[in-house]
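Undergrad: coordinates only, no sequence provided:
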């Protein structure tokens, strides 16, 4: 068994630890992690590892080191639970490892939940494993899309739904930071289909051409030209998590900022400026599992599934026009992509699908 572990207090520290795969006990199953996507969103998991308990999903036993969660596919290679068959393939929340022991519970036709005690306090959406053969979203031809884009698009879908459900808080413009990130692109893709609202992408000068070429933003503004943002009222979807960018947007709009939503931290390593009161509304953190629970109550599980499935199929077709999937195998490949993500050096059009197993293993 191999684990890719990172320093909890310094994400630039990382190591690969080899050990024997865990023995499954009564009622457990052992998953062989086949492959997973690694994006800036996963770096955000590490940045918020303590604040949002992401380190607690896959503990290492060493408080100095953690395993960053990723989304991917795995196969059941051993099972002591009658409801989970060996050979079944699942999609879900995984560590950057070769193996994971889970405790299946709440088993249904479409999958199961890991009910291990250490995961019980976590949001349920992160503990569910879907059996790919029974999953209406699953499409073997688009498994890479599922790993790379599905978790991010689900968040995008929920952001768009939340804003629309609240009448965009009276705003005519939605400003989305880190506009080249995949969560931002999915959000803009959904918002672009709404009438009466203009979508503005806020991005770096380096990525401005890519963002403009996507065709889902009405306007693209670079971070060094915040004064060019369109007039208010506006809603701000902050995916960058950069305190300086957030302050600049709040100052640009002041009381004309109708809502400020904190979503991610793609700029997690930017130094924070001196703390000062922000003009306009206080930023409100958007936690996707909370919105999932709300819409599950409103629409029922089937209603939510139907809506997101229809939106997903449309989005997959759009992404085929710009995503460049690249595959890497083994610890060195994982380490290389991880380091590039930390340093912000990944081309926004590239999607990395990785495995700690050697190619062909």
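TA: Sure thing, it's come through. For clarity, every value in this text was computed on a predicted model and none was experimentally measured. Numbering: from 1, shown residues only.
Undergrad: when you work out contacts or count neighbours from here on, use the C-alpha atoms and nothing else.
TA: Will do.
Undergrad: residues near the closest residue to residue 19 other than its chain neighbours, how many?
TA: Among residues not flanking residue 19 along the chain, residue 1 sits closest, at 5.1 Å (C-alpha to C-alpha, 6 or more residues apart in numbering). Residues lying near residue 1 (other C-alpha atoms under 10 Å) number 15.
Undergrad: got it, and residue 330?
TA: 15.
Undergrad: can you name the residues that contact it?
TA: 354-359 (C-alpha atoms under 8 Å, 6 or more residues apart in numbering).
Undergrad: which of those residues count as buried?
TA: 354-357 (16 or more other C-alpha atoms under 10 Å).
Undergrad: in helices, which of the residues you listed fall?
TA: Nothing among the buried ones among the contacts of residue 330 maps onto helices, per DSSP state H.
Undergrad: dump those to TSV, plus distance to residue 346 and pLDDT.
TA: Listed next are those as TSV, based on distance: C-alpha to C-alpha, whole Å; pLDDT from 0 to 100:
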residue	distance to residue 346	pLDDT
354	14	98
355	18	98
356	20	98
357	22	97
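Undergrad: now render the residues you listed as TSV, adding distance to residue 326.
TA: TSV is the format used below for the buried ones among the contacts of residue 330 (distance: C-alpha to C-alpha, whole Å):
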residue	distance to residue 326
354	8
355	12
356	15
357	16
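Undergrad: residue 17 is in contact with residue 60, isn't it?
TA: No - if you go by C-alpha atoms under 8 Å, residue 17 and residue 60 don't touch, sitting 9.9 Å apart.
Undergrad: who's more crowded, the two?
TA: Set side by side, residue 17 and residue 60 show more neighbours around residue 60, with 15 against 12, by other C-alpha under 10 Å.
Undergrad: tell me the contacts of the more buried one?
TA: Residues near residue 60 by C-alpha under 8 Å, 6+ apart: 66-67.
Undergrad: and the nearest residue to residue 331 once chain neighbours are set aside, how far from residue 99?
TA: Leaving out its chain neighbours, the residue that sits closest to residue 331 by C-alpha to C-alpha, 6+ apart is residue 356, at 5.3 Å. Separation of residue 356 from residue 99 (C-alpha to C-alpha, to the nearest Å): 10 Å.
Undergrad: what does residue 90 give?
TA: In terms of C-alpha to C-alpha, residue 90 sits 13 Å off from residue 99.
Undergrad: same for the helix ranked longest in the chain, what does it pack against?
TA: Ordering each helix of the chain by length in residues (DSSP H) puts helix 288-319 first. Judged by 3 or more C-alpha pairs under 8 Å, 6 or more residues apart in numbering; DSSP states H and E, helix 288-319 is in contact with helix 143-165.
Undergrad: neighbours around residue 160, how many?
TA: 20.
Undergrad: residue 190 is in contact with that one, correct?
TA: Yes - using C-alpha under 8 Å, residue 160 makes contact with residue 190 at a distance of 6.3 Å.
Undergrad: and the helices in the stretch 1-150 of the chain?
TA: Secondary structure of the stretch 1-150 of the chain, counting by DSSP state H, counting those that start in this stretch: helices at 40-47, 143-165.
Undergrad: what angle separates the first one from helix 143-165?
TA: Counting by axes from the mean of the first three to the mean of the last three C-alpha atoms, to 10 degrees, helix 40-47 points 70 degrees away from the direction of helix 143-165.
Undergrad: I'd like to know which elements helix 40-47 is packed against.
TA: strand 69-79, helix 331-342.
Undergrad: which one of these is the most hemmed in?
TA: Ranked by mean neighbour count, the helices and strands packed on helix 40-47 are led by strand 69-79 with a mean of 23 (mean count of other C-alpha atoms under 10 Å).
Undergrad: which other helices and strands does that strand contact?
TA: By 3+ C-alpha pairs under 8 Å, 6+ apart, strand 69-79 packs against strand 29-38, helix 40-47, strand 89-95, helix 143-165.
Undergrad: rank those by pLDDT, which is bottom?
TA: In terms of average pLDDT, helix 40-47 trails the rest of these, at a mean of 88.
Undergrad: now that one and helix 331-342, what's the angle there?
TA: Counting by the same axes, to 10 degrees, helix 40-47 lies at 80 degrees to helix 331-342.
Undergrad: how about low-confidence regions in this protein?
TA: Low-confidence segments of the chain (pLDDT under 70): 264-276.
Undergrad: give me phi/psi at the residue nearest to residue 309 when sequence neighbours are not counted?
TA: Leaving aside its sequence neighbours, residue 309 sits nearest to residue 137 (C-alpha to C-alpha, 6+ apart; 6.3 Å). With angles defined as degrees, to the nearest 10, residue 137 sits at phi -80, psi -30.
Undergrad: from residue 348, how far out is residue 137?
TA: On the measure of C-alpha to C-alpha, residue 137 and residue 348 end up 25 Å apart.
Undergrad: can you check residue 15 too?
TA: From residue 15 across to residue 348, the span is 26 Å (C-alpha to C-alpha).
Undergrad: cool, and residue 17?
TA: 30 Å.
Undergrad: same question for residue 336.
TA: Here the criterion is C-alpha to C-alpha. By it, residue 336 lies 16 Å from residue 348.
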